[in-house]
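S.K.: Turn this into a structure:
(chains A and B)
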Protein chains: 2
Amino acid sequence: MRFNFDLQATDGRARTGVISTPRGDIRTPAFMPVGTAATVKAMLPGSVRQTGADILLGNTYHLMLRPTAERIERLGGLHKFMDWDRPILTDSGGFQVMSLAALRKLTEEGVSFKSHIDGSRHMLTPERSMEIQRLLGSDIVMCFDECPALPADRAAIEKSMHLSMRWAARSRDAFGDRPGHALFGIQQGGLEEDLRAQSAAALRDIEFDGYAVGGLAVGEGQEAMFGCLDYAPEQLPHDKPRYLMGVGKPDDIVGAVARGIDMMDCVLPSRSGRTGQVFTRRGVVNIKNARHADDPRPLDEQCTCPACRSYSRAYLHHVFRSQEIISSMLLTWHNLHYYQELMSDMRAAISQGTFVEWTAAFATERAQGDIEPV
Amino acid sequence: MRFNFDLQATDGRARTGVISTPRGDIRTPAFMPVGTAATVKAMLPGSVRQTGADILLGNTYHLMLRPTAERIERLGGLHKFMDWDRPILTDSGGFQVMSLAALRKLTEEGVSFKSHIDGSRHMLTPERSMEIQRLLGSDIVMCFDECPALPADRAAIEKSMHLSMRWAARSRDAFGDRPGHALFGIQQGGLEEDLRAQSAAALRDIEFDGYAVGGLAVGEGQEAMFGCLDYAPEQLPHDKPRYLMGVGKPDDIVGAVARGIDMMDCVLPSRSGRTGQVFTRRGVVNIKNARHADDPRPLDEQCTCPACRSYSRAYLHHVFRSQEIISSMLLTWHNLHYYQELMSDMRAAISQGTFVEWTAAFATERAQGDIEPV
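M.R.: Predicted coordinates:
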C-alpha cells in the first residue's frame, strides 16, 4: 500500500481529506500529539488513540540521544517500542538541535553538537537524519533543515533557506525509495514572500510526498504568522498534505486551517496539562486558581473525556495543588481530547461547507470566557 | 444492607472469606492499595479496579489537611470526589500525625499538631477522627489510637496501649450506630504477648465489626513481627475480619496470611512503582539497572498487566531513566497487579486446602531470582 493523500472537500482555503498509510488513515486537518521521548507524557497510547489521534510525532533529536535510534531499531522499531501501531511522523532533529543542544557548529555538511543529556558529541546531517528516521521506522520522515529564529535579517533568512534547500535535495537522495513511507520537504524563507516562493519552487522541483511550512511559530507572533500563511501554503502543491510545524494554540490552529493547512503538531496541550492550563470551548482555565476549590462542576459540561465525565473542578484543583500524578494524567487527557474534538469539528464543518460559520461560533464561544464561579 | 464477614474456608491458620458492604464485596485475604490524598498515585481508579482491588485505603491525616473533610463532604463524599464507588477504609490519622506532623502534643484528650503542609494548628481526638471519617463517607472506619515506635520499653508500650483502649471506647461511642458502615478496633501492646492479650480483651469488651493488629511494621523486623503474629491474631475474635496495618513486602503478606490475617494495606507497590522497584514472581527487579537497556522481554512473561503485555524491559528502563510519567504509571500498575494476583492465588490455595504447598512454591520461585540477562 502506498502513501496517498485524498483531498475530499474544500471550503474557502480550508481543506479536509484523508492521508492513507500502511499503518492507518490520517484524517485531515490533523493534530499530532507530541511523543518526544517515545511517550506522550502522562498518557498511555491507548488513551491517546481514544482522544481521536490518528498519528503521533516523535522527536529525532531526543530519541537519537536516548535510547538511541540503533537501540530502537534492534528492539523492533519505534511503533513496537512505544506500543503505538498507527502512523508516526518524526521531525528531522534540525529544530531541536538548535534549541536544546550545546556547542553547536553549523557547516555545509550539517550540525555538530553536544548532547544536553550527557555532553556526548554528535553530528546531524541530512544523511544521518534520514538514517535515524529509517531506524526508528517513521512513517512520515521530515527533511533535515535549518530553522533560524525570528526576527532575523533578510540576508540571514535567505542564506539559511538556500542551505535548507540544498539539504532538502540531499535528504531526498538519502531517503531513497521506501514504499509506504513518505518524505516531506520543509519550506523556509521567514516572513519574506518571495523567499517563500523560491523555497516552494525548489521543493517542488525535488518532489516530496508532502510539504511543511517551516520556520514559523518561532517568536514572530500570531499576526505575522497568519500574514505568512496568507500566501505560503498556496505556494505549495495543492494535491499534497501541508504541515505547519509546532503550532499551536487553539486559535492558531483554526486560523492555520482556514489558510489551507492540513497537519499540525504542538506540545501545548500535553505540556499545559502538566502545568494546570486547561483548554475548553470557553477559553483557558487555570485549575490552580482558588475559585475552583469548591466547584462541583466539571471543566466542561459537554466534554466526554474522563476528566470531565468523572471529576469535579474541585478534585482537579486538589490533585493539581497536591502535585499528584493523576493531575497530569487527567488534564493532559482533557487537553488532547479538546484538541482532537476541535479538529473533528473543523473537518465536519469543511465537509458541510459551513467553516466560516463554525469559525465565528468558535470565536464567540471562546470570547465568553469561563463559566461564572460558584 | 449490613456489614458482614463470611468466613468461607480455613487452611491451617490461613483464612479466606468475603466481607459484604453496601458498596460491594471484599474478598479476603484482601490487599488494599493506598490512596493517600484521594488518589492511588499514578493510577486512574478504573485501572486500580482492573488490578483486582476490592477496596482502597484513604488517609485521614492528609485529607483533613487538604482538601479538608468538610470540603469533601460538601462535594458529596470521598467516593464521588475520587471516582471510586467501591469500599474505602480510612485510617484514624493517629499513625501519620505521629510520623508526619510537627510540634505534636499528646494528652489524654488527643493530639494537637501543626500541619506539615502549611503549618496550621489542628487537634485530633477520637471524637474528631470519627467525625472526619464520617464526613469522608468511609465504609470502614478505624479507631483513633496511639502507635508507639519500636523498640520501646514495656512500661511505655503498656501505658500507650491503655490510652489506646480508652480512646477505642471513646471512638466506639462517637461512631454511634451507622448501618452499612463498620468500625474496627486496633490492638496494641507491642511485642508483649500479655499486653496484646489485655488489649484484645479490652477491644472484645467494647465490640467492633473488625479488629486490626496495630503497632507492627514500625521497625521491628520481619522475624519479630511474625513472632507477634504467631499469637496476636488468635487473641482476636475468629468471626470478624483481622487487619494488619501497613504491611508489607510480598513475603510479609504471605507470612501474615499464614498467621490468620484477612486484610492488609501498604504503600510499597505504588511507591516502588515510582522508584523503579518492580515485584515479580521471581523477586524484585530494579528497572534502572543497565542490564535492562537492550532487553526485549517483558518484566514477567506470565503477567497480564499492561506493562508486561505491551512493553519490553528496555522500554520501561528507557522511560524510567528519562523520568517520564508513563514509567510511574506502568510500574505502579504492574506492582498493584502483582499484589492482587498474589492475594487471588492465596485465596484459591486456601479454598483448595493447598496453602502450605502454595507457600512453598511461592518461596521457591522467588529464590530463583530474576531471569538471566540477555
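S.K.: where's the most centrally placed residue in chain A, which helix or strand?
M.R.: The residue lying closest to the centre of chain A (CA atoms, centre = their mean) is A:Asp265, at 1.1 Å. Assigning secondary structure by DSSP states H and E places A:Asp265 in strand A:263-266.
S.K.: Just the CA atoms of that strand, as CSV, please.
M.R.: Extracted C-alpha coordinates of strand A:263-266, given in CSV (Å, rounded to 0.1, in the frame of the first residue of the first chain):
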residue,chain,number,x,y,z
MET,A,263,-1.5,18.9,9.6
MET,A,264,-0.1,20.4,12.8
ASP,A,265,1.7,19.4,16.0
CYS,A,266,2.4,21.1,19.3
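S.K.: After it, which helix or strand is next?
M.R.: Note on strand A:263-266: by DSSP H and E, the next helix or strand toward the C-terminus is helix A:268-275.
S.K.: Can you report how many residues lie near the nearest residue to A:Gly76 once chain neighbours are set aside?
M.R.: Computed as CB to CB, 6 or more residues apart in numbering or on different chains, the closest residue to A:Gly76 that is not its neighbour in sequence is B:Pro296, at 7.2 Å. The C-beta positions use only the backbone N, C-alpha and C, and glycine is treated the same way. B:Pro296 has 14 neighbouring residues, counting by other CB atoms under 10 Å in any protein chain shown.
S.K.: quick one, phi/psi of B:Pro296?
M.R.: The phi/psi pair for B:Pro296 (degrees, to the nearest 10) reads phi -80, psi 0.
S.K.: same check, this time on A:Glu234
M.R.: Dihedral pair for A:Glu234: phi -70, psi -20, per degrees, to the nearest 10.
S.K.: where in chain A is pLDDT low?
M.R.: Across chain A, residues meeting the criterion (pLDDT under 70) sit at A:1.
S.K.: cutoff 50 now
M.R.: Applying pLDDT under 50 to chain A picks out no residues at all.
S.K.: returning to that earlier point: so in terms of bridging, what pairs with the residue nearest to the centre of chain A?
M.R.: Beta-bridge partners for A:Asp265, by DSSP bridges, are A:Met32.
S.K.: ok, it - contacts?
M.R.: The neighbours of A:Asp265, taking CB atoms under 8 Å, 6 or more residues apart in numbering or on different chains as the test, are A:Phe31, A:Met32, A:Pro33, A:Val34, A:Leu57, A:Leu89, A:Met245, A:Gly246, A:Val247.
S.K.: shouldn't the first one be in contact with A:Tyr339?
M.R.: Yes. Between A:Phe31 and A:Tyr339 there is a contact at 5.0 Å, judged by CB atoms under 8 Å.
S.K.: Tell me if A:Ser92 really is in a helix.
M.R.: No. Read with DSSP: H, G, I helix; E, B strand; the rest coil, A:Ser92 is coil and lies in no helix.
S.K.: dump the residue contacts of it.
M.R.: The contact partners of A:Ser92, by CB under 8 Å, 6+ apart, come to A:Thr60, A:Leu124, A:Ser129, A:Gln133, A:Val141, A:Met142, A:Cys143, A:Phe144, A:Asp145, A:Ser171, A:Ile186.
S.K.: Likewise for A:Arg15?
M.R.: A:Arg15 makes contacts with A:Leu7, A:Ala9, A:Thr28, A:Pro29, A:Gly260, A:Asp262, A:Ile350, as judged by CB under 8 Å, 6+ apart.
S.K.: what does A:Phe31 give?
M.R.: Per CB under 8 Å, 6+ apart, neighbours of A:Phe31: A:Ala53, A:Ile253, A:Met263, A:Met264, A:Asp265, A:Cys266, A:Tyr339, A:Gln340, A:Leu342, A:Met343.
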